[in-house]
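Peer 1: quick one: sequence and predicted model below, then my questions.
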Amino acid sequence: MTNPKPTVDALRHHLHGPVTTPTDSGYDRSTTGFQLLDPHRPDVVVETTDERDVRTAVEFAAHSGKRLAVQATGHGRGTALRGGVLLDTRRMSGVRVDPRARTAWIEAGADWQRVIETAAPHGLAPPSGSFPGVGAISYTLGGGVGLLARRHGFAADHVHRLDVVTPDGAHRRVTASDEPELFRALRGGGGDFGVVTGVEIGLLPVERIYGGGLFFDLARVPEVLRAWRDWTGTVPEEMTSAVTMLPYPDVPGVPESLRGRHVAQLQFSYLGAAEEGERLVEPLRGLGEPLGDTLRELPYSESGAVFDEPEQPHGYRGRNLLLDNLGDRELSDLVERTGPEEPVMCVTGIRHLGGALARESEVPDSVGHRTAGFSLGVLSPLEPGSGEEEVRKPHDEVLAPFEARALGHSLNFSYGSLEPERVRTAFDPATYRRLAELKAYYDPDALLHTNHPIPPLKTER
């Protein structure tokens, strides 16, 4: 006789956190998150409070034959879960800092802002990204290119330990010596192998940076992108920078000074004295009269001001490519294809890589394409209810000149559904095969629903 499938009422009985279904209040809050487009629509939402709740929810999903996903704390949801079980980890947001060891223990639902605030009183900073509201763990599982990246590498390089609940319901303490293959996979290979309930990560002795932005009108200073690209070849690893092109429509509601303009926002984070940062940036200041200049010395606790990204949840889709270099003609075409007159708003961002990002981690991980010199991404805002197909063609057209020599793409800068072939291009062939083998070992029935699905590859293990 087969065992009956567990019920939602039985699940509630075994959990500390609440359980909601589509008819309960709070369901929409738990299923939407920062990304408003195409929210999850699970059968059951479990608001986990600890590792025991996670194990209980995973076992419930497995025994019920339901797929399971984790609600992204930050930007990350791609393909929505239909039916199944959704874990909302927002109640697991604790952060503990060990100032002597220079480490932080981060629970599943904590964002980088919480880590930054907890580390700052000790004169320490995490390897966090451009937007502090992003979930620290999901960001790190995908590699993590942060504000200090060219000097200190990927966030995944700084992971010491992960606590993981695998699809069989087992709690695993994962380190370089305990389950080393899983440790390697989770550091840069995404979260398709289990539910990570906590991470111990190394902190950096950073209290202040010199950072902010320079804003130029591309119609008046069309050489901005080429000048910035050339400039990146002259700066030390302590300088991490990027450029974002923002097309402002000529409509009411947009500040008059920006209406109809195509604005290049140069973003800088320099790990050194403000005077030296000023000297390094001066050649770019000399390109022309900027529309704005927010560069200053600032505490790392205010590091979100460097990119000054939107804090309000919204809908969007985006793609990216990793490139070895950027040609003059390609950059000119990029400006022409993304201006305010285009029918679809395309926000285009380029990040300078290299430096420590190009060096292999002391302990092997799964970060792909470390030799890339630049990351190029295009993103479009979309109203809730819109379809991804509305921006697919414009994005393809923007990236087409770069596709032929692209090294691949980054998991963390892919905002939308990812078919397995596109996931494959985030890694070299040997790494992808190893990840697919591990997927078959830890999740042979593909219980986990993630943004970056890796099909299991059956092997003799």
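Peer 2: Now that the structure is in, tell me what you want to look at. Residues are numbered from 1 along each chain as shown.

Peer 1: which residues in the stretch 151-300 of the chain form strands?
Peer 2: Ranges of strands within the stretch 151-300 of the chain are 159-165, 171-174, 195-202, 208-217, 239-247, 262-270, 292-293, 296-299, based on DSSP state E, counting those that start in this stretch.

Peer 1: tell me which strands the shortest one pairs with, and in which orientation.
Peer 2: Pointing back at strand 292-293 there. Here strand 292-293 is paired, per DSSP bridges, with strand 208-217 (antiparallel).

Peer 1: next, the angle strand 239-247 makes with the partner strand.
Peer 2: Put simply, strand 208-217 runs at 30 degrees to strand 239-247, going by axes from the mean of the first three to the mean of the last three CA atoms, to 10 degrees.

Peer 1: nearest to Leu321, out of the strands of the stretch 151-300 of the chain?
Peer 2: Relative to Leu321, the nearest member of those by CB to CB is strand 239-247, separated by 14.8 Å. Quick note: C-beta positions are derived from backbone N, CA and C, even for glycine.

Peer 1: adjacent strands (with direction) for the closest one?
Peer 2: strand 262-270 (antiparallel), strand 347-352 (antiparallel).

Peer 1: if we can go back for a sec, how about the strands of the stretch 151-300 of the chain in CSV, adding distance to Arg52 and mean neighbour count?
Peer 2: Converted to CSV, those look like this (distance: least, CB to CB, whole Å; neighbours: other CB atoms under 10 Å):
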stretch, distance to Arg52, mean neighbour count
strand 159-165, 10, 22
strand 171-174, 9, 18
strand 195-202, 10, 22
strand 208-217, 39, 23
strand 239-247, 39, 23
strand 262-270, 39, 24
strand 292-293, 50, 14
strand 296-299, 37, 15
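
Peer 1: go through those and name the closest to Arg351.
Peer 2: It's strand 239-247; of the strands of the stretch 151-300 of the chain, that one is closest to Arg351 (CB to CB) at 4.3 Å.

Peer 1: pull the CA atoms of the closest one into CSV?
Peer 2: Listed in CSV are the C-alpha atoms of strand 239-247, where the atom choice follows Å, rounded to 0.1, in the frame of the first residue of the first chain:
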residue,chain,number,x,y,z
MET,A,239,39.2,51.1,-9.8
THR,A,240,35.9,49.3,-10.8
SER,A,241,33.7,51.2,-13.2
ALA,A,242,30.8,50.9,-15.6
VAL,A,243,28.7,53.0,-18.0
THR,A,244,24.9,52.9,-18.3
MET,A,245,23.1,54.5,-21.2
LEU,A,246,19.6,55.8,-20.3
PRO,A,247,17.2,57.1,-23.0
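
Peer 1: what about that strand, average pLDDT?
Peer 2: In this model, strand 239-247 carries a mean pLDDT of 97.

Peer 1: try stretch 103-118
Peer 2: According to the model, stretch 103-118 has a mean pLDDT of 97.

Peer 1: Glu330 and Glu403 touch, don't they?
Peer 2: No. With contact defined as CB atoms under 8 Å, Glu330 does not count as touching Glu403 (10.9 Å).

Peer 1: the two - which one has more neighbours?
Peer 2: Ranked by neighbour count (other CB atoms under 10 Å), Glu330 and Glu403 place Glu330 first, with 16 against 10.

Peer 1: just to revisit the earlier point, export the strands paired with strand 239-247 to a markdown table and tack on mean pLDDT and distance to Gly84?
Peer 2: Below are those laid out as a markdown table (pLDDT from 0 to 100; distance: least, CB to CB, whole Å):
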| stretch | mean pLDDT | distance to Gly84 |
| --- | --- | --- |
| strand 262-270 | 97 | 38 |
| strand 347-352 | 97 | 32 |
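
Peer 1: Phe183: which of those strands is closest?
Peer 2: Distance to Phe183, taken as CB to CB, is lowest for strand 347-352 among those, at 26.7 Å.

Peer 1: what comes into contact with the closest one?
Peer 2: Outside strand 347-352, the residues that touch it by CB atoms under 8 Å, 6 or more residues apart in numbering are 145, 150, 225, 232, 240-247, 326, 334, 338, 373-381, 398.

Peer 1: ends of stretch 228-244, what's the gap?
Peer 2: In stretch 228-244, first residue to last residue: 11 Å (CA to CA, to the nearest Å).

Peer 1: where's Thr166 relative to Ala149, distance?
Peer 2: Counting by CB to CB, to the nearest Å, the gap from Thr166 to Ala149 is 30 Å.

Peer 1: send me the lowest-mean-pLDDT helix or strand in the chain as CSV with only the CA atoms.
Peer 2: Every helix and strand of the chain was ranked by mean pLDDT, DSSP states H and E. The lowest is helix 420-424, at a mean of 84. The C-alpha trace of helix 420-424 is given here as CSV (Å, rounded to 0.1, in the frame of the first residue of the first chain):
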residue,chain,number,x,y,z
PRO,A,420,19.2,25.2,-21.2
GLU,A,421,21.3,26.1,-24.2
ARG,A,422,21.7,29.6,-23.0
VAL,A,423,22.5,28.4,-19.5
ARG,A,424,25.2,26.2,-21.1
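
Peer 1: for it, the distance to its chain's centre please.
Peer 2: 17 Å (CA atoms, centre = their mean, to the nearest Å).

Peer 1: and the next helix or strand past that helix?
Peer 2: helix 429-442 (DSSP states H and E).

Peer 1: give the other helices and strands that that following helix contacts.
Peer 2: When contacts are defined as 3 or more CB pairs under 8 Å, 6 or more residues apart in numbering; DSSP states H and E, helix 429-442 sits against helix 180-186.

Peer 1: hmm, who's touching the helix it packs on?
Peer 2: With contacts defined as CB under 8 Å, 6+ apart, helix 180-186 is touched by 141, 159, 162, 164, 172, 174-176, 193-194, 196, 363-366, 434-435, 438, 442.
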